[in-house]
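# sequence and computational prediction follow.
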Amino acid sequence: AVGKGYATELVAKAVEEKGLTSAIINSGGNIRTIGKPADGRENWGIGIQNPDFILGLSQEENAEVLYVNKKSVVTSGDYQRFYEIDGKLYHHLINPETGYPETMYRSVSVLTEDSGLADFLSTTLFLLPLEEGKALAEEQGVDVLWILQDGTKEFTEGMKAVAHSQGATQ
């Protein structure tokens, strides 16, 4: 659950030490930004995939856009690693108490500086009820976007500040 995020963070730190000041690393759902965009913008626009688009059920590619710099955005969701049995989709985020895929959310995106922490928490928060997840996010000092099964979004206050749908701009 954390190897990809940890490796992304190691790569980011290594290239920063070599002098790279502006970049995005995309490790298949784990995004790590380095500095600001070189074209003069203050923030990178990071698209959060619309789970229904990925499954061919919507024309909207992004469910949200986050404007960030010097941060990691990591998403765990039910729409990329799954299989189908008798018309029902089963994904890879398993509730350890039931032994079945968790069904509270379509995706959970975590925003923080460290990609390894973001990777760990995106999976963890996907498995927790919303109020418990909000409490953990606050305790850990991270910002989170939850996309619920019906497509509605829940945000921490810090995530609202960088979310396009909540008024944030480049």
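That came through, no problem. This is a predicted model, so every value here is computed, not measured.
# in the sheet, who's paired with the spatially closest residue to residue 47 that is not a sequence neighbour?
Among residues not flanking residue 47 along the chain, residue 62 sits closest, at 4.0 Å (CB to CB, 6 or more residues apart in numbering). Bear in mind the C-beta positions are built from the backbone N, C-alpha and C, glycine included. Counting by DSSP bridges, residue 62 is bridged to residue 49.
# could you shift the numbering so residue one becomes 21, and keep it that way?
All set: I'll call the first residue 21, so the last point we hit is now residue 82.
# wait, isn't residue 82 in contact with residue 68?
Yes. Between residue 82 and residue 68 there is a contact at 6.1 Å, judged by CB atoms under 8 Å.
# neighbours of the closest residue to residue 173 other than its chain neighbours, just the number please.
Closest residue to residue 173 apart from its sequence neighbours, by CB to CB, 6+ apart: residue 167 at 5.6 Å. A count of neighbours around residue 167, defined by other CB atoms under 10 Å, yields 25.
# and the biggest helix by length in the chain, what's buried?
Criterion DSSP state H: the longest helix present in the chain is helix 23-37. Neighbour-count burial for helix 23-37 flags 24, 25, 26, 27, 28, 29, 32 (criterion: 16 or more other CB atoms under 10 Å).
# contacting residues for the nearest residue to the second one once chain neighbours are set aside?
This means residue 25. Among residues not flanking residue 25 along the chain, residue 139 sits closest, at 2.5 Å (CB to CB, 6+ apart). By CB atoms under 8 Å, 6 or more residues apart in numbering, residue 139 lies in contact with 21, 22, 23, 24, 25, 26, 28, 50, 94.
# how about the contacts made by the fourth one?
In this case it means residue 24. Counting by CB under 8 Å, 6+ apart, residue 24 makes contact with 47, 48, 49, 50, 139.
# before we move on, back to that, assign the residue nearest to residue 173 to helix, strand or coil.
What DSSP: H, G, I helix; E, B strand; the rest coil gives for residue 167 is strand.
# identify the residues contacting it.
Counting by CB under 8 Å, 6+ apart, residue 167 touches 68, 71, 83, 84, 97, 125, 126, 127, 128, 173.
# separation between it and residue 115?
Using CB to CB, to the nearest Å, residue 167 is found at 18 Å from residue 115.
# can you pull out the helices in the chain?
Going by DSSP H, the chain shows helices at 23-37, 71-74, 135-146, 150-160, 177-180.
# for those helices, which one sits closest to residue 109?
helix 71-74 (10.6 Å; CB to CB).
# what is the distance between stretch 64-83 and the centre of its chain?
Relative to its chain's centre, stretch 64-83 lies at 12 Å (CA atoms, centre = their mean, to the nearest Å).
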